[in-house]
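In: Here is the input, now give the coordinates:
(one chain, ligands or ions: 2)
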Amino acid sequence: HPVRLADYRPPAWLVDTVHLDISLHPTATRVISRLALRRNPKGDATAPVLLDGDGLTLVRLAVDGTPLAGGAYEASPQALILRHPPSDRFTLEVETLVDPTANTQLMGLYRSRDNYCTQCEPEGFRRITYFPDRSDVLAVYTVRVEASRAEAPVLLSNGNLERSGPIPDTDRHYAIWHDPWPKPSYLFALVGGNLSKVPDHFVTASGRPVDLGIYVEPGKEARATYAMDALKRSMRWDEKVFGREYDLDVFNIVAVSDFNMGAMENKGLNIFNDKYVLASPETATDTDYAGIESVIAHEYFHNWSGNRVTCRDWFQLCLKEGLTVFRDQEFSSDERSRPVKRISDVRTLKAAQFTEDAGPLSHPVRPESYHEINNFYTATVYEKGAEVVRMLKTLLGDEDFRAGMDLYYARHDGDAATIEDFLAAFAEASGRDLSQFALWYSQAGTPRVSAQGQFDPAARTYRLDIRQETPPTPAQPEKKPVVLPLAIGLIGPDGQDLPLTLDDGRNLPRHVIEVTQAEQSFVFTGIDARPVLSLNRGFSAPINLSTNLADADLVFLAAHDRDPFNRFDALQGLAFRILKAGAASGTLPDAAPLIEAARLLLADSTLDPAFKAQALAIPGENEIAREIGSNVDPDAVFTARRALKRQLATALGTELEEAYAALAAPPPYSPGAAAAGRRALRNLALDYLTSGGAPEAIARAKAQFMAADNMTDRFAALAVLVQHDTPERAEALDDFYRRFVTDPLVIDKWLSLQAQIPEAGTLERVKDLTLLPVFSMANPNRVRALIGAFATANPTQFHRPDGAGHDFLVDVVLGLDAKNPQVAARMLSAFKTFRQLEPLRRASAERALRRVAATPGLSADVTDIATRSLS
Ligand code: ARG
Ligand code: ZN
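Out: Ligands and ions are numbered 1, 2, ... in the order given. The predicted structure is shown next:
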């Protein structure tokens with residue numbers, strides 16, 4: 001039975017304070033919890049006290065200090081119920097035992113490389129102690145942790161450290177942490193272990209000194225310096241851009257090696273997948289550095305968008321996640337290049353979210369029901385959620401947007417809020433009616449928008465006819481028109497934007513037209529010559545847009561649009577047209593317009609190399625499949641793509657050689673955006689120049705691989721080499737393995753690249769790799785690197801026509817489910833695009849999903865994905 005948004009009821013009981021006393025032990029950790037319970041005046045006045053549990057063993061129970069007799073309560077691993085509470089306000093003391101070593105789900109209290117750590121969002125706290133484990137019960141926590149001094153010299157929890165010291169006559173010690181800010185249980189965290197602290201210091205705008213610490217495995221300290229720098233920049237940025245200051249005396253981050261997701265924003269004690277903390281030039285690529293910067297920022301920004309204002313229930317997850325992704329995107333844009341960041345964010349959005357929204361797992365940004373909340377940490381909630389906030393900013397303008405944010409924080413600080421609360425703040429601050437805009441939260445599916453432009457020389461007008469339609473999605477057959485803020489430019493023959501005047505006197509604040517109806521026309525006046533339309537600039541609305549622009553118009557936009565996103569998009573659009581036709585017919589149509597546009601762009605010395613690298617990259621196989629939409633043959637897509645790549649490489653050979661030579665960077669390596677952009681373009685040139693497989697080209701890639709002084713260049717060369725079945729490939733893979741065998745995060749790159757080789761032997765290779773000691777099904781990073789890459793980034797091999805790729809994934813999912821259902825479900829969602837495949841492969845994927853669905857005893861996580869995928 002699903003949980004439904006419509007069934008929300010306020011909690012019957014509140015918890016004012018929580019005192020936890022946690023005595024760490026590898027297999028029998030004792031948790032004593034003292035809860036100050038109070039009946040909620042706004043809740044059901046007769047309801048019993050109902051505390052959630054998950055796999056708990058109850059040891060002892062006391063009410064106001066008096067032990068409770070057996071008949072006075074009902075306890076099971078899943079719940080603790082007091083049907084007859086002694087009064088409307090009392091203290092409940094609960095003692096439970098948990099086994100962190102046996103916790104392979106990585107939810108609740110578990111061990112990662114012998115360190116103790118927790119993950120409580122969304123429903124992990126109930127695996128530590130009985131509690132009303134819902135996000136609208138906010139309490140003040142005091143936590144005493146104790147452990148063996150040898151086993152866990154470092155003891156951390158949320159808030160500020162009150163006291164710590166040895167426990168006399170034992171080998172144990174303790175620490176007491178107090179967090180003055182009321183918080184829901186999902187923000188609780190505890191860490192114990194042998195960790196090294198990388199210390200730093202920050203003073204907030206109003207003068208509060210904050211001790212910063214990043215805790216890493218001893219020996220890895222030097223790899224945390226970039227993360228620390230990113231943290232301090234994030235703290236300053238949130239003060240400057242959103243007026244938000246930090247609010248405790250300490251801010252700690254702990255890097256752990258076993259983590260289901262990217263990171264977690266626990267109050268004052270963020271816990272991170274070490275992939276998003278650790279970096280050195282020799283071990284991390286430019287992409288890794290950028291990922292660290294954005295995840296550090298994301299989790300820090302949650303301190304306001306998530307912690308100070310949290311979510312009423314898990315249906316409101318986008319309230320914190322969409323907003324916080326928007327905030328981290330803005331941060332990276334300000335720290336790096338805004339256009340390049342926007343292009344890469346839109347690529348991620350389309351790759352992950354548009355595909356999700358076009359398939360059986362489509363759901364609204366704010367879902368209305370769920371079977372397993374862990375399956376809703378999705379691209380739709382995160383990435384589309386961020387787009388919705390971005391649209392709000394586009395519609396309202398910078399000032400009203402900021403005023404709305406300020407009002408939201410002022411009004412809801414300390415609250416567990418809803419999307420309605422969020423929108424009301426913006427409606428009030430701007431005086432706008434946002435009721436239609438709210439559809440973005442409730443309606444699933446990517447709107448399809450068509451824009452037809454018509455120039456009338458006699459009337460000197462340009463008429464734009466827009467139609468929008470959102471396709472049906474699961475449980476939502478009918479859709480209403482949504483609000484589309486479309487940034488627009490009309491470009492004159494000289495390449496300059498024309499002044500925009502509408503015939504009905506409507507003005508165009510910020511050059512954005514607002515489409516609100518299913519069909520709507522806009523007539524621009526005073527147009528002397530046929531302009532070229534540049535619509536949805538900066539991807540101002542997350543839509544599938546089709547226009548009546550000709551190839552020549554796209555070439556013109558690629559050369560002249562002052563909007564960098566649309567310049568990029570024009571080139572990609574040209575490539576998509578060629579690739580779609582090529583995949584359908586088996587022969588590529590004339591690529592001359594694309595080649596010319598690419599040549600001009602490559603030669604333009606005013607452009608940022610990072611931008612060029614984005615614009616000149618041929619769309620990936622998954623992107624092409626998405627554009628084709630149905631009856632996709634991955635082999636045909638692969639062949640068309642490879643042919644176009646070789647054509648471009650041949651036609652632009654001279655220019656690419658020049659770029660490769662000119663962009664070589666002198667040491668030392670710097671992870672900054674400018675140097676990273678040069679490396680990106682140079683490595684793109686290397687990839688093109690090696691695409692034909694010529695021996696000299698392979699030799700050059702091998703030379704770059706051997707000589708590189710940083711992981712970006714070494715890994716880029718390896719990625720090029722693995723595309724070609726040569727002795728150099730085997731040598732480079734061996735060399736890489738030997739260099740980095742003791743460095744799991746680097747081995748992940750090695751696993752991932754091999755999983756992506758588009759050759760018939762890859763499935764066997766992947767199976768062999770699972771047997772290596774460096775691989776482990778128990779570690780989510782390893783599983784994602786090898787299995788995840790195979791299933792999501794190697795379409796020809798995962799979707800082998802004989803179904804062996806599908807069978808393999810199902811075997812992995814079924815094997816993993818009993819240990820880590822969250823990761824198993826994540827892997828299974830690789831099938832989310834199966835309906836777009838041609839019939840043979842589609843049938844194979846469906847058989848594979850049915851095999852999962854027919855397996856008894858599966859987790860709720862995997863059952864939910866299998867059932868919805870098949871629906
Ligand atoms: N709130 C975390 C974030 O920053 C994600 C935690 C999700 N955890 C989970 N087990 N689903 O995005
Ligand atoms: Zn988040």
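In: got the buried residues for the helix or strand hosting Lys767?
Out: Assigned by DSSP states H and E, Lys767 belongs to helix 762-770. Neighbour-count burial for helix 762-770, counted by 16 or more other CB atoms under 10 Å, picks out 762-763, 766, 769-770. No exception for glycine: its C-beta is placed from N, CA and C like everyone else's.
In: Confirm that Asp553 lies within a strand, as I assumed.
Out: No: counting by DSSP: H, G, I helix; E, B strand; the rest coil, Asp553 falls outside a strand, being helix.
In: What pLDDT is listed against it?
Out: For Asp553, the model assigns a pLDDT of 97.
In: Asp807 is in contact with Leu849, isn't it?
Out: No: judged on CB atoms under 8 Å, Asp807 makes no contact with Leu849 at a distance of 11.5 Å.
In: Looking at these two, which one has more neighbours?
Out: Taking Asp807 and Leu849 together and counting by other CB atoms under 10 Å, Leu849 has the greater number of neighbours (22 against 16).
In: which SSE is the more buried one in?
Out: Here Leu849 sits within helix 839-853, counting by DSSP H and E.
In: now do Gly55
Out: Per DSSP H and E, there is no helix or strand for Gly55.
In: count of residues packed around the closest residue to it other than its chain neighbours?
Out: Spatial nearest neighbour of Gly55, chain neighbours left out: Pro77 (5.1 Å); criterion: CB to CB, 6 or more residues apart in numbering. Pro77: 14 surrounding residues under other CB under 10 Å.
In: Up against ligand 1, what does this structure have?
Out: Contact residues (CB under 6 Å from any ligand atom) of the chain with ligand 1: 119, 121, 260-261, 263-265, 298-299, 321, 374, 377, 822.
In: Next, find the distance separating the residue located most distally from the centre of the chain from ligand 1.
Out: Using CA atoms, centre = their mean, the residue of the chain lying farthest from its centre is Ala458. It sits 50.6 Å away. As judged by CB to the nearest ligand atom, to the nearest Å, Ala458 and ligand 1 stand 56 Å apart.
In: and that residue, helix, strand or coil?
Out: coil.
In: Show me the helices in the stretch 551-700 of the chain, by range?
Out: For the stretch 551-700 of the chain, the helices defined by DSSP state H, counting those that start in this stretch occupy 551-560, 564-585, 592-603, 609-616, 621-628, 634-651, 653-662, 673-690, 695-707.
In: Report the inter-axis angle for the first one versus helix 592-603.
Out: Using axes from the mean of the first three to the mean of the last three CA atoms, to 10 degrees, the direction of helix 551-560 lies 0 degrees away from that of helix 592-603.
In: Repeat that for the fifth one.
Out: In this structure, helix 621-628 runs at an angle of 130 degrees to helix 592-603, with the same axes, to 10 degrees as the basis.
In: Mind giving me the packing neighbours of helix 621-628?
Out: Where contact means 3 or more CB pairs under 8 Å, 6 or more residues apart in numbering; DSSP states H and E, helix 621-628 is packed against helix 564-585, helix 634-651, helix 795-798.
In: Tabulate the ones you listed (TSV), appending distance to Ser534, mean pLDDT and mean neighbour count.
Out: Formatted as TSV, the helices and strands packed on helix 621-628 follow (distance: least, CB to CB, whole Å; pLDDT from 0 to 100; neighbours: other CB atoms under 10 Å):
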stretch	distance to Ser534	mean pLDDT	mean neighbour count
helix 564-585	5	98	22
helix 634-651	24	98	19
helix 795-798	32	98	24
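In: what would those look like in a markdown table with distance to ligand 2?
Out: Below are the helices and strands packed on helix 621-628 laid out as a markdown table (distance: least, CB to the ion, whole Å):
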| stretch | distance to ligand 2 |
| --- | --- |
| helix 564-585 | 25 |
| helix 634-651 | 33 |
| helix 795-798 | 28 |
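In: got the buried residues for stretch 90-104?
Out: For stretch 90-104, by 16+ other CB under 10 Å, it's 90, 92-96, 98-100, 103-104.
In: And for stretch 138-146?
Out: So, applying 16+ other CB under 10 Å, buried residues of stretch 138-146: 138-146.
In: And stretch 408-421, by the same measure?
Out: Buried-residue list, stretch 408-421, by 16+ other CB under 10 Å: 408-409, 412, 415-419, 421.
In: Out of those, the closest to Arg800 would be?
Out: Ile419 (42.7 Å; CB to CB).
In: now that closest one: how far from Trp750?
Out: Ile419 sits at a distance of 43 Å from Trp750 (criterion: CB to CB, to the nearest Å).
In: and the buried residues of stretch 138-146 as a markdown table, adding secondary structure?
Out: Formatted as a markdown table, those follow (three-state DSSP):
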| residue | secondary structure |
| --- | --- |
| Leu138 | coil |
| Ala139 | strand |
| Val140 | strand |
| Tyr141 | strand |
| Thr142 | strand |
| Val143 | strand |
| Arg144 | strand |
| Val145 | strand |
| Glu146 | strand |
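In: Sounds good, over and out.
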